[in-house]
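[1] Quick one: sequence and predicted model below, then my questions.
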Amino acid sequence: MSRIGRIAVVRRFGPPEAITLEEHPAPPVGPGQVQVAVRTGGLNPVDARLRSGTFGGSVPMALGTELAGVVVESGDPSWKVGDEVIGWGAQGADADLVTVPGTRLHAKPSQLGWALAGGLGGVGSTALTALDAVSPAPGDVVVVHGAAGGVGTVLVQLAVARGLTVIGTASSANQAHVAGLGALAVEYGPGLAGRIADAAQGRPVVASIDLAGSTDAGEVAVAVVAGGGQAITLVPETTQSHGIHLVRVQRSQTAMATLLDAVTRGDLVLPVETLPLTEIVEAHRRLDAKHARGKLVLDVSDNPHLPRTDGDA
């Protein structure tokens with residue numbers, strides 16, 4: 001059965017205004033694949049990089065990779081029509097319909113709201129990847145650059161839950177938010193190294209985790225490595241400018257289960273801001289501004305392919 005739905009597309013690299021919502025038939029469902037009616041879709045900084053042409057790829061390009069929704073057709077015996085799921089690695093997820101391998105889906109817990117379900121996977125998997133890459137021990141001091149964004153918000157909480165002392169950099173407006181996550185909040189900008197040293201109170205910083213891509217973050221990372229610590233980045237800027245090791249995000253069923261367990265235990269809270277799919281251009285403007293607190297999520301509750309009983313985010 002061929003279904004037609006909206007999908008966010010860029011046919012030329014450029015600013016958020018390059019995005020258009022088009023209607024296309026959803027890809028057919030093959031063996032091992034599942035078609036999902038999207039209820040919410042998470043937005044990530046890499047989406048803005050892809051749209052602008054600074055992260056590779058070619059146009060036309062369908063946007064989005066993570067979602068939460070309801071199965072409408074299944075070629076995978078593990079999933080049946082009506083199942084509520086969380087998905088990742090699904091190119092073109094900023095849409096009404098997406099077809100994805102069944103192995104890239106996880107059951108959505110009934111108590112988890114749609115907004116958080118659609119936004120948790122990308123930032124959470126990135127945070128887990130970063131922590132696993134540096135493998136700090138309980139009691140260690142780590143610096144997280146860009147601690148107020150979606151990834152930083154999750155990373156700080158997971159690190160604190162593991163017994164780490166986290167120094168989180170953020171703008172002046174986000175100091176209280178970062179401190180509320182359990183980190184020692186410091187303002188980025190000139191003099192950052194000195195503020196980090198003051199926060200560490202003479203203890204060595206064993207790892208620098210860069211989510212910001214700034215010159216300050218690169219300089220701190222170089223100093224941490226010179227002192228015998230580790231430094232990684234999740235963005236290409238400091239790899240290019242300071243030679244910091246770029247880590248590729250790993251997503252899996254195991255990672256999603258770990259994140260959902262952390263939410264259930266109360267170790268992880270993610271502020272989520274939702275915008276309708278029809279306002280995806282505005283959502284990308286906010287991604288470009290790089291000062292979002294928590295996570296941006298697209299609300300696709302007007303999706304005509306969703307069951308009528310679907311609730312609010």
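    Perfect, I can see it now.

[2] Now G182: closest residue in space that isn't a chain neighbour?
    V160 (3.8 Å; CB to CB, 6 or more residues apart in numbering). Every C-beta, even on glycine, is put in place using the N, C-alpha and C of the backbone.

[3] so what's S78 up against?
    With contact taken as CB atoms under 8 Å, 6 or more residues apart in numbering, S78 is in contact with G102.

[4] how far away is it from R104?
    Distance check for S78 against R104: by CB to CB, to the nearest Å, it reads 11 Å.

[5] and G294, backbone torsions?
    phi 80, psi -140 (degrees, to the nearest 10).

[6] Verify the contact between it and P271 for me.
    Yes: contact criterion CB atoms under 8 Å: G294 and P271 qualify, at 3.1 Å.

[7] Show me the common contact partners of these two, please.
    Each of T153 lies in contact with both G294 and P271 under the rule CB under 8 Å, 6+ apart.

[8] of the two, who's got more company?
    Between G294 and P271, G294 has the larger neighbour count (other CB atoms under 10 Å), namely 19 against 14.

[9] could you show me where the helices are in the stretch 151-300 of the chain, in order?
    Taking DSSP state H, counting those that start in this stretch as the test, the helices found in the stretch 151-300 of the chain are 175-180, 192-200, 215-226, 236-242, 253-265, 280-289.

[10] Ok, which of the ones you listed comes nearest G121?
    helix 253-265 (6.0 Å; CB to CB).

[11] So what touches that closest one?
    Residues outside helix 253-265 that contact it (CB under 8 Å, 6+ apart) are 86, 88, 103, 106, 109, 112, 116, 120-121, 124-125, 128, 154, 157-158, 161, 268-270.

[12] Quick check: the gap between I167 and A159.
    Using CB to CB, I167 is found at 10 Å from A159.

[13] Quick check: neighbours shared by these two?
    What both I167 and A159 touch, as defined by CB under 8 Å, 6+ apart, is the set V142, V144.

[14] Pull out the CA atoms of stretch 186-199 and give them to me as CSV.
    What follows is stretch 186-199, C-alpha atoms only, in CSV (Å, rounded to 0.1, in the frame of the first residue of the first chain):
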residue,chain,number,x,y,z
VAL,A,186,31.9,28.4,34.1
GLU,A,187,31.4,31.1,31.4
TYR,A,188,33.2,30.5,28.1
GLY,A,189,35.2,33.3,26.5
PRO,A,190,38.6,35.0,27.3
GLY,A,191,40.1,33.7,30.4
LEU,A,192,38.4,30.3,30.2
ALA,A,193,41.4,28.3,31.2
GLY,A,194,41.8,30.2,34.4
ARG,A,195,38.2,29.8,35.3
ILE,A,196,38.4,26.1,34.7
ALA,A,197,41.6,25.9,36.9
ASP,A,198,39.8,27.8,39.7
ALA,A,199,36.8,25.4,39.5
